[in-house]
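S.K.: When you get a sec, could you give me coordinates for this:
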Amino acid sequence: MDHVYKRHSVGQKGEDLAVMFLENRGFKILDRNYWKKWGEIDIVAQNNDCLHFVEVKTVSRENVSTVNNNRNDYEPEDNLHPWKRQRLSRVIETYLLEKKIAEGRDWQVDALSVYLDRDGQLIKTDYLTDIIL
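M.R.: I've put the predicted structure just below:
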């Protein structure tokens, strides 16, 4: 049970850092953890006139070896499997309809990877923009 709580707290810290990263670059955060039973969007942000649906992947160096069988080449964006992309696509469609976003509005999907050290301190962030669903 303790490892589940730790994983959640690592993920929450990563999302908080992702929000700060985006805000520091001029993004306005519109929603966090937009959830439907078929999927979740971690962060919805706006930059200029474009909506950004941001998938946040957080990893601490403490977790990498247990998650990836002692390999150090783990990348959080590797978790964007085809089924995850399909669910994300569906929840984005729901968000756009529910929020009555104009049909021609520009939007994209981004992935923001947050790397933490063993003490939970930020090592680095990688921001991948306009990834293809």
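S.K.: which other residues reach stretch 123-133?
M.R.: Applying C-beta atoms under 8 Å, 6 or more residues apart in numbering, the external contacts of stretch 123-133 come out as 17-18, 21, 52, 61, 77, 80, 85-86, 88-89, 92, 108-117. Bear in mind the C-beta positions are built from the backbone N, C-alpha and C, glycine included.
S.K.: Buried members of those residues into PyMOL, please.
M.R.: The following PyMOL line selects those of the contacts of stretch 123-133 that are buried, judged by 16 or more other C-beta atoms under 10 Å:
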select buried, resi 17+18+21+52+80+88+92+109+110+111+112+113+114+115+116
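S.K.: so of the contacts of stretch 123-133, which ones are in strands?
M.R.: In strands, judged by DSSP state E, the following of the contacts of stretch 123-133 are found: 52, 108-116.
S.K.: Let me know whether Tyr34 touches Val44 as I believe.
M.R.: Yes - using C-beta atoms under 8 Å, Tyr34 is in contact with Val44, at 6.1 Å.
S.K.: Determine the residues that are contacts of both of those two.
M.R.: Both Tyr34 and Val44 are contacted by Tyr95, under the criterion C-beta under 8 Å, 6+ apart.
S.K.: Let's check: the centremost residue of the protein is which one?
M.R.: Val56 (1.7 Å; C-alpha atoms, centre = their mean).
S.K.: check contacts around that one.
M.R.: By C-beta under 8 Å, 6+ apart, the contact set of Val56 is 11, 14-15, 18, 42-43, 111-114.
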